[in-house]
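Student: Structural data only, the sequence is not supplied:
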């Protein structure tokens, strides 16, 4: 899992620093503030930096456990434009991290990650920043009807 997060951090968020730089330890408060910033406006320029902070935290921290599986996403991995795929995967990690930190549990909570993916999708749709997607819409309906866990069998 840590390998996947490391890959996402290095590939999907294109770090601007080259060379061997040791990442500074990120506090729980900093991670939660980054998630709050992302939630405010997932389309904002600052949103990508906020998600990068959350991914770094998830990669470094033993306080959270994140499991990424293709069935947790309402799209086939690799089928979206990179800027959207990285945003949605980052939202998944952020929602999962947020739930674990707020509730004091160290257990993968994919439904919470999926909820933040769908929240992000809805925000992007409201700003006409992402096209309507049938599968995303179906998952939003499941979420709104309280059926997300049951339908996704997680």
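Tutor: All right, it came through fine. Everything quoted here is computed from the prediction, not taken from an experiment.

Student: need the helix or strand of this structure with the lowest average pLDDT.
Tutor: helix 2-7 (a mean of 51; mean pLDDT, DSSP states H and E).

Student: Which helix or strand lies directly C-terminal to that helix?
Tutor: Next helix or strand after helix 2-7 toward the C-terminus (DSSP states H and E): helix 28-40.

Student: which residues touch the residue lying closest to residue 148 once chain neighbours are set aside?
Tutor: Counting by C-beta to C-beta, 6 or more residues apart in numbering, residue 142 is the residue found nearest to residue 148 once chain neighbours are left out, at 4.7 Å. For every residue, glycine as well, the C-beta is placed using N, CA and C. For residue 142, the contacting residues are 148, 151, 152, by C-beta atoms under 8 Å, 6 or more residues apart in numbering.

Student: Just give me the least confident of those.
Tutor: Within the contacts of residue 142, residue 152 has the lowest pLDDT, namely 83.

Student: In this protein, which residue is most central in space?
Tutor: Taking C-alpha atoms, centre = their mean, the centroid of the chain lies closest to residue 91, which sits 2.1 Å from it.

Student: That one is in contact with residue 117, isn't it?
Tutor: Yes - Residue 91 lies in contact with residue 117 (C-beta atoms under 8 Å); the separation is 4.8 Å.

Student: re the thing from before, most neighbours, which of the contacts of residue 142?
Tutor: Among the contacts of residue 142, residue 148 has the most neighbours (other C-beta atoms under 10 Å), with 19 neighbours.

Student: how near is that one to residue 43?
Tutor: 23 Å (C-beta to C-beta, to the nearest Å).

Student: Please tell me how far the residue nearest to residue 37 when sequence neighbours are not counted sits from residue 77.
Tutor: Closest residue in space to residue 37, ignoring its immediate chain neighbours: residue 50 at 4.4 Å, by C-beta to C-beta, 6+ apart. Separation of residue 50 from residue 77 (C-beta to C-beta): 22 Å.

Student: Give me the more crowded residue out of these two.
Tutor: More crowded of residue 50 and residue 77, by other C-beta under 10 Å: residue 50, with 23 against 11.

Student: That concludes my questions; thank you for your assistance.
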